[in-house]
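Asks: show me how the following folds:
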Amino acid sequence: MALTKHEIAEQVFNELGFSKKRSIEIIESLIEQIKKSLESGEDVLISGFGKFRVKEKKERKGRNPATGEDAILPARRIVTFNCSGKLRKKINGS
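Replies: This is a model prediction of the structure:
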């Protein structure tokens, strides 16, 4: 099961003592800042966690799986995530 924004806000409420409303505002603000940085093409580095990076994908040939027809996939930007070494070690139990 995935961790939700609501569950993160609950943790902020329980651990830091902010009101529930303020906890939700903090989480929403954090996410908005990350989105704004990524929209402008900036990387987002969170020490000890990882790095969100915007990458450019070129136009390429593809295929419609339903019809089998060839198609041209347009150029686009995608977000990738690379976890930090510390997080990788925690995940792997080292």
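
Asks: could you break the protein into its assigned domains?
Replies: Following automatic domain parsing, one finds the domains of the chain at 1-40, 43-94.

Asks: go through those domains and pick out the most buried.
Replies: Among the domains of the chain, domain 1-40 has the highest mean neighbour count (mean count of other CB atoms under 10 Å), at a mean of 13. Yep, even glycine has a C-beta here, placed from its N, CA and C like the rest.

Asks: Serialize the domains of the chain to TSV and add fields for mean pLDDT.
Replies: Below are these laid out as TSV (pLDDT from 0 to 100):
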stretch	mean pLDDT
domain 1-40	93
domain 43-94	94
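
Asks: what are the boundaries of the helices in the protein?
Replies: 5-16, 20-39, 85-91 (DSSP state H).

Asks: may I see these organised as CSV, with distance to F52 added?
Replies: What follows is the helices of the chain, written out as CSV (distance: least, CB to CB, whole Å):
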stretch, distance to F52
helix 5-16, 16
helix 20-39, 6
helix 85-91, 13
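
Asks: for those, which one sits closest to P65?
Replies: P65 lies closest to helix 20-39 among those, at 28.8 Å (CB to CB).

Asks: and the closest one, what does it pack onto?
Replies: For helix 20-39, the packing partners by 3 or more CB pairs under 8 Å, 6 or more residues apart in numbering; DSSP states H and E come out as helix 5-16, strand 44-46, strand 50-57.

Asks: just put these in a markdown table and tack on distance to N82.
Replies: Formatted as a markdown table, those follow (distance: least, CB to CB, whole Å):
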| stretch | distance to N82 |
| --- | --- |
| helix 5-16 | 21 |
| strand 44-46 | 10 |
| strand 50-57 | 5 |
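
Asks: not counting its neighbours along the chain, what's nearest E10?
Replies: Spatial nearest neighbour of E10, excluding adjacent residues (CB to CB, 6 or more residues apart in numbering): S23 at 7.4 Å.
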